[in-house]
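K.L.:
could you look at this predicted model? Sequence included:
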Amino acid sequence: MCEKCARDAAAQRGPSRRSLIHLTVSALSLAAVGSALAKESKAPPKPQNVLSPEASLKRLMEGNARYVDGVTRRHDFKHEREALAGGQNPFAAVLSCADSRIAPEYAFDTGRGDLFVCRVAGNFAGTETIASLEYAVAVLNAPLILVLGHDACGAVDATIKAIKDNSPPPGHIPSLVDAIAPSAKAAMQQGGDVLDKAIRQNVLDNVAKLKSAAPILNAGVEQGKLKVVGGIYRLTTGAVDLVAQA
C-alpha cells in the first residue's frame, strides 16, 4: 500500500486511542480550570467582610468599643439569610472559651456570617480546633484569628488547683487540664496573681501555637495574609484588652 493510501485508511479509521486519551485529558483540564475560575469569580455574600488583617482587627476592636459603650448596631438578620445560605466569608475567626458569659458575636457587635467562632473551655488550640481554623483561613479566606481568654477562667483555675493538689478532676476534664497545664506551670513559677498570669500566658502560648501551625496557618502569617492575635475579655466591663498583636 502506498503512503497516501495508508494515510487515507488511517483517516477513515478515525483518531487513535492515544489521541482520544489526549483529547479527554485536555477537556477535563479545561473543565477544571473553568470550574476554578467560576468559583473565584463568585461574589462573596458579604463584600464588606473582604478585609486586610489590619482592617479586620480594627473592625473587631471598634465593635467591642460599641459593645462596651452600649451603643451596638441593629443587625438585619432577616435579609441576610438568603445571601448567607449560599456561602460565607467571615472577616475574622475567634478561638474563645466556652464560658457562657463570653459571646464573641455580641462582644464585637457583629452579625451573622461575620465571625467564624471555635469555643472550648480554656480557649486552647487542640487538633480539631486547629483544623477548623485552617478551614476558616484556607477555604473561607479569614484574614485574622483572635485567641480570646477572659477573667476568672474556670478551666485555667481548675488546672492550677489540679497541679497544686496533684489530684486530677473527674470525667474527661483532665484532657483540658493537660492542654492548659504548661501555661499554668509557667505562671506558677512567676508568683503573684497566678490565675491572672496563667490566663494571659495561656492566650500567648496558643497565639504562638497557631502562628507556627504548619502547613496552612504559618504560611498565611509568613505571606502577610493572616494575622494571629490574643486578647482577654474583662467580665466587669466587656472590654477586650489585646495582649499579643505581633
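P.N.:
The structure has been received and is ready for your questions. Given the structure is predicted, the values throughout are model-derived calculations rather than measurements. Residues are numbered from 1 along each chain as shown.
K.L.:
burial of Lys58, as a residue count?
P.N.:
13 (other C-beta atoms under 10 Å). Using the backbone N, CA and C atoms, a C-beta is placed for each residue, glycine as well.
K.L.:
for it, pull up the helix or strand it's in.
P.N.:
helix 53-69 (DSSP states H and E).
K.L.:
residues in contact with that helix?
P.N.:
51, 72-73, 91-92, 106-110, 143-144, 146, 224-227, 229, 237-240, 242, 245 (C-beta atoms under 8 Å, 6 or more residues apart in numbering).
K.L.:
recalculate using a threshold of 7 Å.
P.N.:
For helix 53-69, contacts defined as C-beta atoms under 7 Å, 6 or more residues apart in numbering pick out 51, 72-73, 91-92, 106-110, 143-144, 146, 226-227, 229, 237-240.
K.L.:
same check, this time on stretch 161-179
P.N.:
By C-beta under 7 Å, 6+ apart, the list of residues contacting stretch 161-179 reads 121-122, 124, 126, 155, 158-159, 181, 184-185.
K.L.:
select only the buried ones of the residues you listed in ChimeraX?
P.N.:
Those of the contacts of stretch 161-179 that count as buried under 16 or more other C-beta atoms under 10 Å are selected in ChimeraX with:
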select :121,122,124,126,155,158,159,181,184
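K.L.:
could you pick out which of the contacts of stretch 161-179 are located in helices?
P.N.:
Using DSSP state H, the members of the contacts of stretch 161-179 that fall in helices are 155, 158-159, 181, 184-185.
K.L.:
could you dump those residues to TSV with pLDDT and distance to Leu84?
P.N.:
Formatted as TSV, those follow (pLDDT from 0 to 100; distance: C-beta to C-beta, whole Å):
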residue	pLDDT	distance to Leu84
Ala155	97	32
Ala158	97	37
Thr159	98	37
Ala181	98	39
Ala184	98	39
Lys185	97	43
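K.L.:
related to what we said a few turns ago, list the buried residues of the helix holding Lys58.
P.N.:
53, 56-57, 59-61, 63-64, 67-68.
K.L.:
ok, now stretch 150-168?
P.N.:
Neighbour-count burial for stretch 150-168 [16+ other C-beta under 10 Å]: 150-151, 153, 155-160, 162-163.
K.L.:
for the spatially most central residue of the chain, what are its contacts?
P.N.:
The structure's the chain has its C-alpha centroid closest to Leu133; by C-alpha atoms, centre = their mean the separation is 3.1 Å. Taking C-beta under 7 Å, 6+ apart, we find Leu133 in contact with 93, 95, 118, 145, 210, 217.
K.L.:
partners of the helix or strand hosting the fourth one in the sheet?
P.N.:
Taking DSSP H and E as the definition, one finds Ile145 inside strand 144-150. Each strand pairing with strand 144-150, determined using DSSP bridges, is listed with its direction: strand 92-96 (parallel), strand 227-233 (parallel).
K.L.:
what about that strand, average pLDDT?
P.N.:
The pLDDT scores in strand 144-150 average 98.
K.L.:
just the angle for that strand relative to helix 53-69, thanks.
P.N.:
Counting by axes from the mean of the first three to the mean of the last three C-alpha atoms, to 10 degrees, strand 144-150 lies at 30 degrees to helix 53-69.
K.L.:
chain center to strand 144-150, what's the gap?
P.N.:
In terms of C-alpha atoms, centre = their mean, to the nearest Å, the centre of strand 144-150 is found 10 Å from the chain centre.
K.L.:
which residues make contact with it from outside it?
P.N.:
Residues outside strand 144-150 that contact it (C-beta under 7 Å, 6+ apart) are 53, 56-57, 60, 92-97, 99, 102, 104, 123, 133, 199, 202-203, 206-207, 210, 226-233, 235, 240.
K.L.:
domain assignment for the chain?
P.N.:
Following automatic domain parsing, one gets these domains for the chain: 3-37, 47-244.
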